[in-house]
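**Student:** Need a 3D model of the sequence below.
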Amino acid sequence: MRSWKMVSRVAAAVAVALSVVAVSTPPAGAAVSDFIYSGQDYGYAGASFDWTGRSSIGNIDLIVSDWGCDAKPVYAYFLFYNGSLYPDTTPTHRYDYSGCDKEDYTTYNNLSWSISGDSITYLGVVVCRDASNGPCKVGGLSGRNPYA
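**Tutor:** Presented below is the predicted three-dimensional model:
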């Protein structure tokens, strides 16, 4: 009898958890905004974006800023986790060549990214110094994609 009580409690907890997920899922067509960044001593990359679907991100506004005084430009790209939480990266590197000045930066507006056949679960931005030994650093990850 005791094991039946445990199964009942687990089933009740799962039902509550699923109802919370169903309530917190945005309505179809609604975008959910997020912001991510990576700030290092050599540079900064930050992006605001909208989760637009299970496997898509839109309205990405990216800022890349070169803070190093080393004649090496800074670039950024995105790290994402798919539905199996396997990490992957976007193929495009977006540069800032202004160098040595926190007030100068390069913006990339209205970008989008999608994958086919899987979901995008989390997104992070990576900032790198363009040198043979890097470095590259990812900042904190976004919140979980509410559509995934």
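
**Student:** and Ile60, what does it touch?
**Tutor:** Neighbour list for Ile60: 47-49, 108, 110-113 [criterion: C-beta atoms under 8 Å, 6 or more residues apart in numbering]. C-beta here means a position set from N, CA and C on the backbone, and glycine is covered the same way.

**Student:** Just the buried residues from those, in PyMOL please.
**Tutor:** Those of those that count as buried under 16 or more other C-beta atoms under 10 Å are selected in PyMOL with:
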select buried, resi 47+49+108+111+113
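
**Student:** Among the contacts of Ile60, which one lies nearest to Asp130?
**Tutor:** Ranked by distance to Asp130 (C-beta to C-beta), those are led by Tyr108 at 16.4 Å.

**Student:** Just want the phi and psi numbers for the closest one.
**Tutor:** Dihedral angles of Tyr108 (phi, psi; degrees, to the nearest 10) stand at phi -130, psi 120.

**Student:** The residue nearest to Val32 when sequence neighbours are not counted: how many residues sit nearby?
**Tutor:** Once flanking residues are discounted, Val32 sits nearest to Trp51: 4.6 Å by C-beta to C-beta, 6 or more residues apart in numbering. Trp51: 24 surrounding residues under other C-beta atoms under 10 Å.

**Student:** per-residue pLDDT, Trp51?
**Tutor:** As predicted, Trp51 sits at a pLDDT of 98.

**Student:** picking up where we left off before, let me know the closest of the contacts of Ile60 to Asp34.
**Tutor:** Using C-beta to C-beta, those come closest to Asp34 at Phe49, 6.0 Å.

**Student:** With that, I have no additional questions.
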